[in-house]
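>>> my questions are about this predicted structure, shown below with the sequence.
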Amino acid sequence: MKQLTPVTTPPAYIDIFEEIRDNKKGAAKAALFGAQAAIRSRFTDYEARFTADTLQGMPPSTLAGIKTELRSCYGRNKSMEALKQAIKDAQPKGRLQWCPYCGATTPGSYDHYLPAEEFPEFAAHALNLVPSCTRCNSTKDDDWLHAGARQYLHFYRDAIPVVPFLTVVITSNAAAQAVGATFAVQQAGMSAASWALLEAHFRKLKLMELYDSYSNDLINTVLRSARSHINAGGPSAADFLANEAQENADLYGDYGWRAVLLREMSVHPHLDQWIAWL
Ligand SMILES: [Zn+2]
């Protein structure tokens, strides 16, 4: 789990939007032109609130009357395709192999951080489009705010705390020759505000359950890789797993679930036994 890099400006986010708008035709284009001043003002507000961390107080949309036209800007449009490509290009190589929200599956969609249904004017705002897997996207849906507090990390703006907030306990069952993992999150010294946001993010997306379940396959896969590594003359399974953990941490953070799991496996006293069970 690691912060993403916003697309760099210039062009300004409003210029990117207006290029998308200019590709539209007929009545939709005319309606969007008619609301140009209001849309510009809302873009300015989003960007100020993004910087000040006050997105949770964004006033309701003033543009509900042209919701369909605004939302259609996210549809098929060569400038929107270029924006999606720019979002991908802004990230370090490999960062988008996994969905930023869960770190577990492929990000095949874009989440509208402020929901497009409620805030249609941001349907094509570059800062509001976050790569996401379809599971996270549909789970989050319009449910982004609760009691005035954001419920999900905004991966362009929220720094991921560099403290051990994710932990794992690995359990092995000798009779069944099976290895499993149980994840948990903890405050680990982060501020109350950071913890409230991170805890809500993990709880709403059911990430503990997801990691526990995905761990079964990952454990088996890496144990087999470790065995191949040793059979090919590699020094030890522990070294192999520690290296794999570090490579994961470099791309997805020290407390991404794969790095946490691989690191814990690498120092586990039963590691060699697990490989013998394969
Ligand atoms: Zn996801």
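Perfect, I can see it now.

>>> right, and E121 touches R42 too?
Yes. Using C-beta atoms under 8 Å, E121 is in contact with R42, at 4.7 Å. All C-beta spots, glycine's among them, are computed from the backbone N, C-alpha and C.

>>> more neighbours, those two?
Comparing E121 with R42 by neighbour count (other C-beta atoms under 10 Å), the higher total belongs to E121, at 29 against 23.

>>> what residues are up against that one?
Each residue near E121 by C-beta atoms under 8 Å, 6 or more residues apart in numbering is listed here: A38, I39, R42, F43, S61, L63, L70.

>>> give me the element the first one is part of.
Counting by DSSP states H and E, the element that carries A38 is helix 36-52.

>>> mind listing what's buried along the following helix or strand past that helix?
Using DSSP H and E, the helix or strand that follows helix 36-52 towards the C-terminus is helix 67-71. By neighbour count on 16 or more other C-beta atoms under 10 Å, the buried set for helix 67-71 is K67, E69, L70, R71.

>>> now the closest residue in space to S61 that isn't next to it in sequence: phi and psi?
Excluding its sequence neighbours, the residue lying closest to S61 (C-beta to C-beta, 6 or more residues apart in numbering) is F119, at 5.3 Å. Main-chain torsions, F119, degrees, to the nearest 10: phi -130, psi 70.

>>> check S236 too.
Main-chain dihedrals, S236, degrees, to the nearest 10: phi -160, psi 160.

>>> would you confirm that it contacts I230?
Yes. S236 is in contact with I230 according to C-beta under 8 Å; the separation is 7.2 Å.

>>> now do the most centrally placed residue in the chain against I160, distance only.
Centroid check for the chain by C-alpha atoms, centre = their mean gives P100 as the closest residue, at 1.9 Å. From P100 across to I160, the span is 10 Å (C-beta to C-beta, to the nearest Å).

>>> which residues touch the residue in the chain sticking out farthest from the centre?
The outermost residue of the chain, judged against the average C-alpha position, is A175 (38.1 Å), by C-alpha atoms, centre = their mean. Counting by C-beta under 8 Å, 6+ apart, A175 touches no other residue.
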